[in-house]
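Q: Give me the fold of what follows.
(one chain, ligands or ions: 2)
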Amino acid sequence: MPNTAADSSVHVAVGVIRRDGRILLSRRAANAHQGGLWEFPGGKLEPGETLLDGLSRELHEELGITVQPTDCAPLIKIEHDYGDKQVCLDVCWVNDFGGQPRGCEGQPVQWVPIAQLNDYPLPAANAAIVDAIRASVSV
Ligand SMILES: Nc1nc2c([nH]c(=O)n2[C@@H]2O[C@H](COP(=O)(O)OP(=O)(O)OP(=O)(O)O)[C@@H](O)[C@H]2O)c(=O)[nH]1
Ligand SMILES: [Mg+2]
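A: Ligands and ions are numbered 1, 2, ... in the order given. The predicted model follows:
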């Protein structure tokens, strides 16, 4: 049976990791989808995996940190069509974590003040995430 548009969308757990007014960005590998751009760490959910389990697994794989579900909170959910790929970004605040984040896959990582997030080239879908971050912290 052919996939519907919803079936073909890739479900991605994304973490907006914050500490002391800064957000952790990492740079996507040059050969990845949206390669070379900066991103909020995260990745594709595995079949049957919950959002928070997937987020915790991805952040451990990519950054070596441990994240508890109680330290996460929903921020925004974004459907975006890149033409070559449709993604559903399920974005959560990560308000605390254990360990020191490092680029476990060789990727550069950088703590960025919220006001400077747009100084970094981000995938198109991420503009809505930056808006949501700003709206959330300015109240
Ligand atoms: N992690 C992450 N992915 C994003 C962001 N914005 C965005 O459009 N994406 C898209 O979401 C999709 C999945 O992310 P990913 O490549 O991190 O997935 P992954 O960690 O499981 O990688 P893998 O395919 O190497 O196993 C990619 O197509 C990526 O371009 C973002 O801020 N963070
Ligand atoms: Mg990833």
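
Q: From here on, just use CA atoms for contacts and neighbour counts.
A: OK.

Q: How about this protein: which residue is closest to ligand 2?
A: Residue of the chain nearest ligand 2, by C-alpha to the ion: residue 43 (3.8 Å).

Q: so what strands line up beside the host helix or strand of that residue?
A: According to DSSP states H and E, residue 43 maps onto strand 42-44. In the sheet, strand 42-44 lines up against strand 10-19 (antiparallel) (DSSP bridges).

Q: sorry, back to before: hmm, the strand holding residue 43 in reach of ligand 1?
A: Yes - Strand 42-44 comes into contact with ligand 1 (C-alpha under 6 Å from any ligand atom), by way of 42-44.

Q: Identify the residues contacting stretch 116-127?
A: Stretch 116-127 has contacts (C-alpha atoms under 8 Å, 6 or more residues apart in numbering) with 34, 37-39, 78, 80, 130.

Q: Can that stretch be said to contact ligand 2?
A: No - looking at stretch 116-127 against ligand 2 by C-alpha under 5 Å from the ion, there are no contacts, and the closest approach is 12.9 Å.

Q: before we move on, back to that, residues of whichever helix or strand comes after the strand holding residue 43 that come out buried?
A: Per DSSP H and E, the first helix or strand lying C-terminal to strand 42-44 is helix 51-63. For helix 51-63, burial by neighbour count (16 or more other C-alpha atoms under 10 Å) applies to 51-52, 54-63.
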